[in-house]
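Trainee: Sequence unavailable; structure follows:
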């Protein structure tokens, strides 16, 4: 019927519009929170504008698989609640137009979004996390934003260099370390280099031809010591700047093949003996691998349950769509957290536990759709 095609097109356009608006709001909010939370770190290590663009694009790629399903559910429910409040759904039912007219465009859009999320989670998200690690390390290699003739606060240290280049070569170096309230350390050197040690997450100032001055707080000159050196390695831990989520060899930074290799390795070897892995629990890798298959299906499942929910609640209009979205998302992700806990305590394998929330959501959606088809319009 031409009327059905017009209705489906209207639903598709309206749902897409609300989804885009919600996605933009969610991503901007999450992006702003991430950038604000790491603003001190970003400033400290001296990211360039090009680096910042990579960070932003990586964050968007990482956030999209989680933000899009929520935004899509919001779009579906707000659209359907608007139609219910305006009497359009009742008019459809009275004229013999069933839920299929609502399901077809909603499910089609949900399937497209599921495919997008699947691609991002299988091939892009882990790579974006790696890109962020690379950017932070490259900035660290450039000396944490050190500028010639500038005093720079780096954590609990003040660093000054007369000259500095992109390769990390330094001339005329002064470092004042006040991280220990009982001991003030001053380091002066003619030349040096700065580099990042990936294995220890330490930024090293390797200095040459200088001296170290140690001053115990409030003790006077009798506690002052001075030592000359030809070579001196002054390390600085920047792991707190990179954050735990940016440490190398974590499950979310691994490709599917790498996750599979670690899971197979865990069957014959204790992961505690592998120093390149920051996560020693084999369950974490099994959960991450299964998560990349289960979460992309969420938009499709949200599409199935949004149609009966959107029609069911009377009154409230768009406001009910917001409330329902919050309730459904909260319940689903609580179920996901619970299923992950079952894996971590060895009650169920990840291949079973992580599919439980999806099966429950699909079963509930099927039950509600079938029931609506057998109930007369109200």
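Mentor: Received the coordinates, thanks. As the structure is a prediction and not an experimental result, all values here were calculated from the model. Residues are numbered from 1 along each chain as shown.

Trainee: least trustworthy helix or strand in the chain by mean pLDDT?
Mentor: Among the helices and strands of the chain, helix 239-242 carries the lowest confidence by mean pLDDT, DSSP states H and E, at a mean of 55.

Trainee: The stretch 201-350 of the chain: strands as residue ranges?
Mentor: In the stretch 201-350 of the chain, the segments counted as strands under DSSP state E, counting those that start in this stretch are 202-216, 224-237.

Trainee: which strands and helices sit next to the shortest one?
Mentor: The reference is to strand 224-237. strand 183-197, strand 202-216 (3 or more CB pairs under 8 Å, 6 or more residues apart in numbering; DSSP states H and E). C-beta: built from backbone N, CA, C; applies to glycine.

Trainee: Repeat the analysis, applying 6 Å as the threshold.
Mentor: strand 202-216 (3 or more CB pairs under 6 Å, 6 or more residues apart in numbering; DSSP states H and E).

Trainee: Return the set of buried residues in the strand it packs on.
Mentor: Judged by neighbour count using 16 or more other CB atoms under 10 Å, the buried positions of strand 202-216 are 202, 203, 204, 205, 206, 207, 210, 212, 215.

Trainee: so who does the third one touch?
Mentor: The one in question is residue 204. The contact partners of residue 204, taken as CB atoms under 6 Å, 6 or more residues apart in numbering, are 195, 233, 235.

Trainee: any idea how far residue 325 is from the first one?
Mentor: Right, residue 195. Using CB to CB, to the nearest Å, residue 195 is found at 49 Å from residue 325.

Trainee: So for those two, which residue has more residues nearby?
Mentor: residue 325 (24 against 15; other CB atoms under 10 Å).

Trainee: Where do the helices of this protein begin and end?
Mentor: Using DSSP state H, the helices of the chain run over 2-37, 39-45, 49-85, 88-94, 100-119, 125-141, 239-242, 256-266, 282-294, 298-312, 318-344, 350-353, 356-374.

Trainee: Turn these into JSON lines, including distance to residue 223.
Mentor: Below are the helices of the chain laid out as JSON lines (distance: least, CB to CB, whole Å):
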{"stretch": "helix 2-37", "distance to residue 223": "40"}
{"stretch": "helix 39-45", "distance to residue 223": "31"}
{"stretch": "helix 49-85", "distance to residue 223": "43"}
{"stretch": "helix 88-94", "distance to residue 223": "82"}
{"stretch": "helix 100-119", "distance to residue 223": "62"}
{"stretch": "helix 125-141", "distance to residue 223": "34"}
{"stretch": "helix 239-242", "distance to residue 223": "30"}
{"stretch": "helix 256-266", "distance to residue 223": "51"}
{"stretch": "helix 282-294", "distance to residue 223": "49"}
{"stretch": "helix 298-312", "distance to residue 223": "63"}
{"stretch": "helix 318-344", "distance to residue 223": "51"}
{"stretch": "helix 350-353", "distance to residue 223": "58"}
{"stretch": "helix 356-374", "distance to residue 223": "62"}
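
Trainee: and among those helices, the most buried is which?
Mentor: Across the helices of the chain, averaging neighbours per residue (mean count of other CB atoms under 10 Å) puts helix 298-312 on top, at a mean of 25.

Trainee: So, low pLDDT: which residues of the stretch 101-250 of the chain?
Mentor: 137-146, 154-155, 165-168, 196-201, 217-222, 237-249 (pLDDT under 70).

Trainee: same thing but 50
Mentor: Where the stretch 101-250 of the chain drops to pLDDT under 50, the residues are 244-248.

Trainee: hmm, back to that, just give me the closest of the buried residues of strand 202-216 to residue 260.
Mentor: Among these, residue 202 lies closest to residue 260 (CB to CB), at 31.3 Å.

Trainee: Identify the bridge partners of that closest one.
Mentor: residue 197, residue 237 (DSSP bridges).

Trainee: what sits against residue 156?
Mentor: 178, 179.

Trainee: redo that, cut-off 10 Å
Mentor: Residues near residue 156 by CB atoms under 10 Å, 6 or more residues apart in numbering: 176, 177, 178, 179, 180, 181, 236.

Trainee: do the same with residue 337
Mentor: residue 357.

Trainee: Next one: it relative to residue 85, how far apart?
Mentor: 34 Å.
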